[in-house]
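Have a look at this fold, sequence not included:
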């Protein structure tokens, strides 16, 4: 294969890769907008729902604001503002570290767990409708491909 043909193939792959990433962005925007309507009924803004998901993966593991900001790849002031609102609504609680009282850790509260469960329950019909025409195998294949991409991007920040 000539270098010209190899370059063309690489460009075609790059264009297809861009289209895939662009489509993921569009899907995220459409799904987020639709989910926001449902979450508004619960009084849960999208940024709080995203953090609820983050905390729900390891609910007994306390996290510092800086750790959350790094994991979410957002600036600390923005995360602090969202965390403050979640603490005020009893979704998260702030606990001083046992070894260093200056260090504050955030934990998901029972109210936070209940709010997360309610949010997921309210979003379930939208999610089910979104995949109504998909077989379980198609969903599994899509998940595997997206998980592979997520792992690569997470490992290569």
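Thanks, I have the structure now. Nothing here was measured: the structure is a model prediction, and the numbers come from that model.

The chain: strands as residue ranges?
For the chain, applying DSSP state E gives strands covering 92-96, 104-108.

Could I get the buried residue list for stretch 112-124?
Residues of stretch 112-124 classed as buried: 112, 115-116, 119, 123 (neighbour count, 16 or more other CB atoms under 10 Å). To be clear about C-beta, it is placed using only N, CA and C from the backbone, and glycine gets the same treatment.

circling back: kindly reformat the strands of the chain as TSV containing mean neighbour count and mean pLDDT.
As requested, the strands of the chain are arranged in TSV below (neighbours: other CB atoms under 10 Å; pLDDT from 0 to 100):
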stretch	mean neighbour count	mean pLDDT
strand 92-96	15	94
strand 104-108	19	94
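
To residue 11, which of those strands lies closest?
Residue 11 lies closest to strand 104-108 among these, at 45.5 Å (CB to CB).

Mind giving me the packing neighbours of that closest one?
When contacts are defined as 3 or more CB pairs under 8 Å, 6 or more residues apart in numbering; DSSP states H and E, strand 104-108 packs onto helix 46-57, helix 65-72, strand 92-96.

So which other helices or strands are in contact with the shortest one?
It stands for strand 92-96. Helices and strands touching strand 92-96, by 3+ CB pairs under 8 Å, 6+ apart, are helix 76-88, strand 104-108.

Backbone dihedrals for residue 45, both of them.
Torsion angles at residue 45 (phi, psi; degrees, to the nearest 10) stand at phi -70, psi 150.

count of neighbours near residue 47?
Neighbours of residue 47 under the rule other CB atoms under 10 Å: 17.

Residue 144 is nearest to which of the strands of the chain?
Nearest to residue 144, of all the strands of the chain, is strand 104-108, at 28.7 Å by CB to CB.
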